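>>> Return a 3D structure for these sequence lines:
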Amino acid sequence: MHIAEGYLPPVHAAAWTVVAAPFVVHGARAMVRQVREDPDSKLLLGAAGAFTFVLSALKIPSVTGSSSHPTGTGLGTVLFRPPIMAVLGTIVLLFQALLLAHGGLTTLGANAFSMAIAGPWIGYGVYRLTRRFGLSIAVFLAAMLADLSTYCVTSVQLALAFPDPVSGVVGSIAKFGGIFAITQIPLAVAEGLLTVLVVRLLVRNSPKELLRLGVLRRRDETTTPATPQESRP
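Predicted structure coming up:
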């Protein structure tokens, strides 16, 4: 991640584009509806996209010439849910391909499916399952697993395109996954912690917006620490 321009065979690149396209179209409609129903959410939408852009642009060398980086999709997934994150993530990947030479246009569909679609949906599923244990725990697991699952899906994509001559696709998945895991597991943990910090800042400074988005619940608001101004007599 990102899969480089021209790295995938044309048939695979086209197939992943076809698979990703319905999610992106659905996400674009969801974003338009979100902005129409809640115009004040545009600032948080932009912040979530910027968070994804900055984190996913930080390339860290891995082994055998590959690289790892955070994905930054956990924040947008928690705030706006996976459909909107699909279009936000795809826009981020498009700009990175055009401006930073991260990924590429032919591999945009494959990169969007792994980072903007599969990762957010898996992270959101974990978020919903663990929300009962507290917001911070759920956010941490969502961001961490959205990151890790992105690289698991990328390993599958690469393995399907380049199966191992002896062990086939399964062996190739293990090889690609093993290469990514060395740097990606600690990166995913760090991304989870950073996302928790950002959400805590939002809870402190923008609780009304989080209530509107459904991230905060009324009982969460009652346990939110007061700001310095609110604590004064």
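
>>> what are the ranges of the strands in the protein?
Taking DSSP state E to define them, one finds strands in the chain at 60-61, 67-68.

>>> burial of E37, as a residue count?
9 (other C-beta atoms under 10 Å). Placement of C-beta: from N, CA and C, glycine included.

>>> where's it relative to V153, distance?
E37 sits at a distance of 31 Å from V153 (criterion: C-beta to C-beta, to the nearest Å).

>>> got it, and G119?
Per C-beta to C-beta, G119 is found 7 Å from V153.

>>> Just want to know which of those two has more residues nearby.
Set G119 next to V153 and count neighbours by other C-beta under 10 Å: G119 wins out with 31 against 19.

>>> Am I right that the more buried one is in contact with A142?
No: contact status for G119 versus A142: not in contact, 9.9 Å apart, counting by C-beta atoms under 8 Å.

>>> residue contacts, the residue nearest the centre of the chain?
The centre of the chain sits closest to T73, judged by C-alpha atoms, centre = their mean, with a distance of 2.2 Å. With contact taken as C-beta atoms under 8 Å, 6 or more residues apart in numbering, T73 is in contact with 52, 56, 85, 89, 115-116, 119-120, 123, 143, 146-147, 150.

>>> Now do A101: how many residues are near it, please.
So A101, with other C-beta under 10 Å, has 11 neighbours.

>>> That one: what's it in contact with?
E5.

>>> For it, what are phi and psi?
phi 60, psi 30 (degrees, to the nearest 10).

>>> So it versus T183, what's the distance?
Taking C-beta to C-beta, one finds A101 at 20 Å from T183.

>>> same thing with G72?
From G72 to T183 the distance is 16 Å (C-beta to C-beta).

>>> For this protein, which segments are assigned as helices?
Taking DSSP state H as the criterion, the chain carries its helices at 10-37, 42-56, 73-99, 108-111, 119-130, 135-161, 168-205, 207-213, 218-223, 228-231.

>>> packing partners for the first one?
Yep, that's helix 10-37 we're talking about. For helix 10-37, the elements it packs on are helix 42-56, helix 73-99, helix 108-111, helix 135-161, judged by 3 or more C-beta pairs under 8 Å, 6 or more residues apart in numbering; DSSP states H and E.

>>> Single out the most deeply packed of these.
Across these, averaging neighbours per residue (mean count of other C-beta atoms under 10 Å) puts helix 108-111 on top, at a mean of 28.

>>> sorry, back to before: for the helices of the chain, which one sits closest to I3?
Distance to I3, taken as C-beta to C-beta, is lowest for helix 108-111 among those, at 5.5 Å.

>>> Let me see the mean pLDDT of the closest one.
Averaged over helix 108-111, pLDDT sits at 94.

>>> try stretch 73-85
Mean predicted lDDT for stretch 73-85 stands at 96.
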